[in-house]
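1. When you get a sec, could you give me coordinates for this:
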Amino acid sequence: MEFLLILIGIFLLISLIFIFTHLHPLTKDEVESLAGKRRNRQIRLYFLFTPHEFTVNKEFKKRMNPNGTFYRINESLFDFPAIAAALMKYKKHEWIIIAFEKDKKIDLIWLNKGFDRSSVSSYLSVEDIIKKVKQENKLSVLRFHNHPNINPNYVDCSRPSAQDINLANEFAQILNQNGLNLLEFVCERGKHYKYFSSYSNSFFPLCKIINDLEIENNISKFKNLSLHFERLF
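-> Residues are numbered from 1 along each chain as shown. Here you go, the predicted structure:
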């Protein structure tokens, strides 16, 4: 009991020291650090996805055009990665699905089949994708491809290849420069695995978050304390 009281006393002392040493307003560097943290949290909450597996319409799955075409759909951003993974489940060749997003909605996708069982690329060029995105006034491009697994009991094909990552980086540079976000996924056995994301500077712009924080900063000592707490924890 005595030891517990000592621990409580130490905790209260540390808490008081923290409070009295964090009543001052945030510095410029601290504002920028907290702004980055807030932006990352906003992005994380925006791109939340269901962890559950989905089933899809079998007839639609059979009619997927291997030569590539656009499809109009009406799905939520939250659910779509699971839907894409379900569309690719049990496929013996690689496929690619490109989804176009705005306001957490997916209403347009493109898909095509790969040339063989070991590689796939979009029949849409980067220029075609950017043109379509601007026509449709979208914010994000999500790309999904599968890794057919001939021995799923012993082999894990859920990880991206080095080529997957290199291509994602190249593609992201172009899309980000055009104000677009990019997210890349590998799908295997009905599950989706996000392995890459890159966001445009215009998406939850950091300058706006900094401006909002500068307004909040130094309103009161209690507000300063809460901002320091948010920044550190």
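2. excluding its backbone neighbours, what's nearest Ile19?
-> Leu225 (6.2 Å; Cβ to Cβ, 6 or more residues apart in numbering). Glycine gets a C-beta too; all of them are placed from N, C-alpha and C.
3. my read is that neighbour is in a strand, agree?
-> No. According to DSSP: H, G, I helix; E, B strand; the rest coil, Leu225 belongs to no strand; its state is helix.
4. If I look at it, what pLDDT would I see?
-> Among the per-residue scores, Leu225 holds a pLDDT of 94.
5. Let me see the contact set for it.
-> Ile19, His22, Leu23 (Cβ atoms under 8 Å, 6 or more residues apart in numbering).
6. Backbone dihedrals for the second one, please?
-> Yep, that's His22 we're talking about. phi -130, psi 40 (degrees, to the nearest 10).
7. quick one: which helix or strand includes the residue lying closest to it once chain neighbours are set aside?
-> For His22, ignoring the flanking residues on the chain, the nearest one in space by Cβ to Cβ, 6+ apart is His228 at 4.0 Å. Using DSSP states H and E, His228 sits in helix 221-232.
8. center of the protein - which residue?
-> Phe47 (4.8 Å; Cα atoms, centre = their mean).
9. Setting aside sequence neighbours, what's the nearest residue to it?
-> The nearest residue in space to Phe47 (Cβ to Cβ, 6+ apart) is Leu183, at 6.7 Å.
10. how many other residues sit next to that neighbour?
-> Residues lying near Leu183 (other Cβ atoms under 10 Å) number 23.
11. Doesn't it belong to a strand?
-> Yes. Counting by three-state DSSP, Leu183 is part of a strand.
12. Tyr199 is in contact with the residue nearest to the centre of the chain, correct?
-> No. Applying Cβ atoms under 8 Å, one finds Phe47 not in contact with Tyr199, separated by 9.0 Å.
13. who are the neighbours in contact with the residue nearest to the centre of the chain?
-> Leu77, Leu183, Ser197 are the contacts of Phe47 under Cβ under 8 Å, 6+ apart.
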